[in-house]
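Participant: Next comes the sequence, and after it the predicted model I'd like to discuss.
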Amino acid sequence: LKTSPTLALVAKAKELAALGHPVISLTVGEPDWATFPVAAQAGKEAIDKGITKYTAAHGTVELRKAIAQRCSADLKVEFNANEVTVASGAKFIVFAALQMLCDPGDEVIISAPYWVSYPTMIELADAKPVIVECDQRTQFKLLAEDLKKAITAR
């Protein structure tokens, strides 16, 4: 495995801060505020009720139903709990999807700028990352013609 560029930057930011440099770290996607009180209270109540065991790998039925209802209302498309999977974060979901969908030698198109973990995740699926630059010329959007140029049989 390659070293995580994100974690390398986190370490560098901490090192510079420890040396007294003013650092604004835009590395990891962690909030810089405390856990919302309602979430903290719900966690405490779950512990007090003994809700501390493993759940279904794709999330509890109650949570998946709530997500399906919310997405149905927000997106105006009907979803049910069987169409919802819950995970600990986007990184794992993207990694798992790549593992399931990619065959050795497949190419996966990534629009740049991109999350630095994507190429390594694709390589771990025995596939090849294909980077399509999206810069000021395209207002950082992937244009259809640039996407078409990147598409191959793989």
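Facilitator: That came through fine. Keep in mind that what you see is a predicted model, and the values were worked out from it rather than measured.

Participant: What are the contacting residues of the strand or helix carrying residue 39?
Facilitator: For residue 39, the host element (DSSP states H and E) is helix 37-48. Helix 37-48 is contacted by residues 35, 52 when judged by Cβ atoms under 8 Å, 6 or more residues apart in numbering. Every residue, glycine included, has its C-beta placed from N, CA and C.

Participant: That helix - what's its average pLDDT?
Facilitator: Here helix 37-48 scores 96 as its mean pLDDT.

Participant: Quickly note the distance from residue 63 to residue 81.
Facilitator: From residue 63 across to residue 81, the span is 9 Å (Cβ to Cβ, to the nearest Å).

Participant: re earlier: give me the next element, helix or strand, following the helix holding residue 39.
Facilitator: Downstream of helix 37-48, the first helix or strand assigned by DSSP H and E is helix 61-75.

Participant: Give me the buried stretch members for that next one, please.
Facilitator: For helix 61-75, a neighbour-count test (16 or more other Cβ atoms under 10 Å) marks 64-65, 67-68 as buried.

Participant: Residue 11: which of these is nearest?
Facilitator: When those are compared for distance to residue 11 (Cβ to Cβ), residue 67 wins out at 34.7 Å.

Participant: What distance separates the opening and closing residues of stretch 92-110?
Facilitator: Terminal residues of stretch 92-110 are spaced 17 Å apart (Cα to Cα, to the nearest Å).

Participant: I'd like the mean pLDDT over that stretch, please.
Facilitator: Across stretch 92-110, the average pLDDT comes to 96.

Participant: Buried residues in it, which are they?
Facilitator: By neighbour count on 16+ other Cβ under 10 Å, the buried set for stretch 92-110 is 94-95, 98, 102, 108, 110.

Participant: who's in contact with residue 90?
Facilitator: With Cβ under 8 Å, 6+ apart, residue 90 has no contacts at all.

Participant: List of residues touching stretch 13-23?
Facilitator: With Cβ under 8 Å, 6+ apart as the criterion, stretch 13-23 contacts 25, 27.

Participant: No further queries at this time; thank you.
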